[in-house]
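In: Turn this into a model:
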Amino acid sequence: MSATSMASVPMSGATALHKQEDGAQTVRKEGWLTKWTNYMKGWQRRYFVLEKGMLMYFRSPEERHHTCRGSVIVANTQIENASSNGFSIYAGSRAVFHLRAYTEKDRQEWINALQLAKVGTIRLLTGLDDCNAWSSSDGEDGDGVDDDDDDSLADVSMAMDAPTHPSGSSDRPPQSRELKDKWEKVKVAAGALSYAAGGKQSDNSGVQSAAKSLLSATRELFDVSIKHHKRWKSTMQRMQAKVALCEGDDEDDDEFYDLDMTETPSVSVTGMASLSLEHLEQHTDGADDGVDGTTKSSDGGGSASARGAEEGVAESKVTSIDDGSPAARAARELPDVQTPYDPKVVAFKPRRSIPDRPSKNVSLWGIMKNCIGKDLSRIPMPVNFNEPISLTQRVLEDVRYYDLLYQAVTKDDPAERMAYVATFVLSAFAATFNRTFKPFNPLLGETFEMDRTATLGWRAIAEQVSHHPPRCAFHVESADWIVWQDFSLDSKFRGKYLQMIPTGASHIILKASGDHYSWRKCPTTVHNIIVGKLWLEHHGTFEVKNVKTGHVASIKITPYSIFSSSEARRVAATVRDVTGKAHFELSGMWESHLDMQIAGQEHTKRNIWRDEPRSPNSAKMYNMHAMALQFNEFTPAEAGCCQTDSRFRPDKNLMEITDWDMANRVKHLLEEAQRFRRKQYEQTQTKWSPVWFDLLPDPVDPSRKVFQYNGKYWAEKAKRNEFADVAKSATPIVGIYDVSPVAHKDADAAASAVKAMIVNDHSGYGIRHPLCPGGASSA
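Out: The predicted structure is shown next:
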């Protein structure tokens, strides 16, 4: 279909039946649907194509000739209706797509087309009960799997088809339903790849998607085989008689069977490792350029369980990451990012708004003139100049566009990975656009956790590690990448403007490739401090370096100047390799969008990032974006968080609910309590130390020391109530929100501080702080 004809396609194109050369009919349908992406981006418009038993989606019709954003083989799915013209597509127990049509008629047409395609695909693949389905009818390897794999496939197929009853005569191990289901999925995916490869189509998106689905299905089979291999081996060692393994949860779903101790399971992990993980990647890499990138990216971005299984079984032939690489070190030092499944976490919908900011304007000059002759360190700045979040929360806005890192790990070219990482670094600036209110200065030891493992695939912890000078460290981890920073800055007041120069270190590690990126942020200037409307800009030059490959992204941001014709906020960046050769160029505006092109080739320019629009009411909510609006909310994922978490901070919470007068009084008490603790340290000659971060040599520049995550936080949180019970906790935690030593100075404010700690509890678990009535969290 041409671009012209595609443009004429309505919101939901008509369903068509196409007759193949062999007389079989396949369903084809295409059109626009809205797709649920995540809680950050919500529903997004995507172009879907149903063709040859596969549902694929793209960001635009033009993309279908070169980039498939995702796909699913409809033979493996279940389709369910949902509200608001919606429907969901499931593969097993996992939701693949949540979709909405524009009308009820469109929804019904899509559901009918999917059901027809499912039936047709199943009929087409009915004959795939033996290993001949892996090869094309003329004997050639049309699907990219060589003949050497047939023996392994036949062995596994025979094992899967062994009798289930203990009395059945077979020299194969008893049947496992979970293992057989995975095997059937591999067979269907293999048939779909063969079918797509044999089709006459102008692009390779179908082959690319089918190859990716086959590789994914093979890995799932590999993972399950490892699990069953361990169970069989453990059972034979422990038991001397027949034993029944009962049916467990969704991840451990075995049928009852008896195991004859005289038999040895013939489905070995070694055989499964050689099944396709090596050979399939080998052949699909060379099939065509479209399959190459997808196949390798699947390997790099595999699940944590798959990688852990591969590393933990001695018999496996899968090669693990080099022990000397940064990725291997990170994998050893970091805890597993998997968290227990909690349906409340997955189903929770975070808030999209906070109370509007009251119209209370305070003159900065009016405050400064009353401070003449006073100790400035003891004068609390009113909350009128703040936004209701702490700096420990605001620093995590740097990972708002985490999806750029997920895209980076899928790229084979290190220069292209650098382009995506540089875009990720620049995207952090967008959160500051039109944000002229300052975050609360964190108390010493203040922390903030954000656990989005179940929904977004990452989790983060931040801690204020120093008060003089102010210094905040944070660490974000996923199964595929790590982002960590030691954030500090120098500030210079120039009368009309305030300039802030970041001095801390920033790092990113991509685990699959072992790439380690390092950079320091450019300066930020806040204009019109005394008179006029406040506005800020980022400007200057800086570099993002890949210390493994030597690639560098040189970035320049144009500052505002009345003497220059250059457009302010304009970004220009070039990605070069170690020899200085330019590979990619980035251009755009730091607050709105960035485009990428091959160096010197204007016709290759395409958009790589665009800032998500903020709420129409955001101006009344401190111009905060969706992620920032969620920071103070206790969700089910934050049940059991540390008592020093910023969500508990009472002055900030009171400000959010617009009680500014009491917020100022509580803020003063918190600062007084912090000075009281500092005096205690001086009197006892003790020194406060960060709990979750240690001062260690920078891995890129060992001559300087930076705060790095010590790996303890999530292990402590797993103990649930240990955070709240300081006496039992092995990790000493200071009660930074305890104002009792200075409560006599303002008893009403002290009482309000205790009540304000949990005003944003929407978790459903009844969050409690040790200082609140009822004590520790009941989670």
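In: now the nearest residue to Ala454 once chain neighbours are set aside, what's its secondary structure?
Out: Nearest-residue entry for Ala454: Val345, 4.6 Å, with adjacent residues in sequence omitted and distances by C-beta to C-beta, 6 or more residues apart in numbering. To be clear about C-beta, it is placed using only N, CA and C from the backbone, and glycine gets the same treatment. Here Val345 is recorded as helix under DSSP: H, G, I helix; E, B strand; the rest coil.
In: My read is that Val345 contacts Ser763, right?
Out: No. In this structure Val345 lies outside contact range of Ser763 using C-beta atoms under 8 Å: 9.4 Å.
In: Look up the residues that both of the two are in contact with.
Out: Common contact partners of Val345 and Ser763 (C-beta atoms under 8 Å, 6 or more residues apart in numbering): Thr635, Pro636.
In: okay, and the helix or strand of this structure with the least pLDDT?
Out: For the chain, using mean pLDDT, DSSP states H and E, the weakest element among its helices and strands is helix 269-275, scoring a mean of 29.
In: Under the pLDDT cut-off, which ranges of the stretch 351-500 of the chain? List them.
Out: Low-confidence segments of the stretch 351-500 of the chain, defined by pLDDT under 70: 361-380.
In: For it, just list every one of the helices.
Out: Secondary structure of the stretch 351-500 of the chain (DSSP state H, counting those that start in this stretch): helices at 364-369, 391-394, 403-408, 414-427.
In: Can you lay out these as JSON lines showing distance to Pro699 and mean neighbour count?
Out: Shown next, in JSON lines, are those (distance: least, C-beta to C-beta, whole Å; neighbours: other C-beta atoms under 10 Å):
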{"stretch": "helix 364-369", "distance to Pro699": "42", "mean neighbour count": "11"}
{"stretch": "helix 391-394", "distance to Pro699": "23", "mean neighbour count": "25"}
{"stretch": "helix 403-408", "distance to Pro699": "19", "mean neighbour count": "21"}
{"stretch": "helix 414-427", "distance to Pro699": "17", "mean neighbour count": "25"}
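In: what's Glu591 in contact with, if anything?
Out: Phe429, Ala430, Phe433, Arg569, Asp611.
In: Quick check: closest non-adjacent residue to the second one.
Out: Which is Ala430. The shortest distance from Ala430 to any residue other than its chain neighbours is 4.4 Å, reached at Asp611 (C-beta to C-beta, 6+ apart).
In: Most neighbours out of the contacts of Glu591, which is it?
Out: The most crowded member of the contacts of Glu591, judged by other C-beta atoms under 10 Å, is Phe429 (23 neighbours).
In: and the closest residue to Leu654 other than its chain neighbours, which of the three is it?
Out: Nearest residue to Leu654 in three dimensions, chain neighbours excluded: Ala663, at 3.8 Å (C-beta to C-beta, 6+ apart). Here Ala663 is helix, with the state taken from three-state DSSP.
In: how deep is Ala663 tucked in, by neighbour count?
Out: If you count neighbours by other C-beta under 10 Å, Ala663 ends up with 28.
In: next one: Arg678
Out: Using other C-beta under 10 Å, Arg678 has 14 neighbouring residues.
In: ok, now Lys41?
Out: Neighbours of Lys41 under the rule other C-beta under 10 Å: 13.
In: same deal with His744?
Out: Neighbour tally, His744, other C-beta under 10 Å: 8.
In: in a helix, that's where it is, yeah?
Out: Yes. Under three-state DSSP, His744 falls within a helix.
In: and the nearest residue to Ser703 once chain neighbours are set aside, what are its bridge partners?
Out: Residue nearest to Ser703 in three dimensions, not counting chain neighbours: Pro697, with 7.7 Å by C-beta to C-beta, 6+ apart. Per DSSP bridges, the residues bridged to Pro697 are Lys705.
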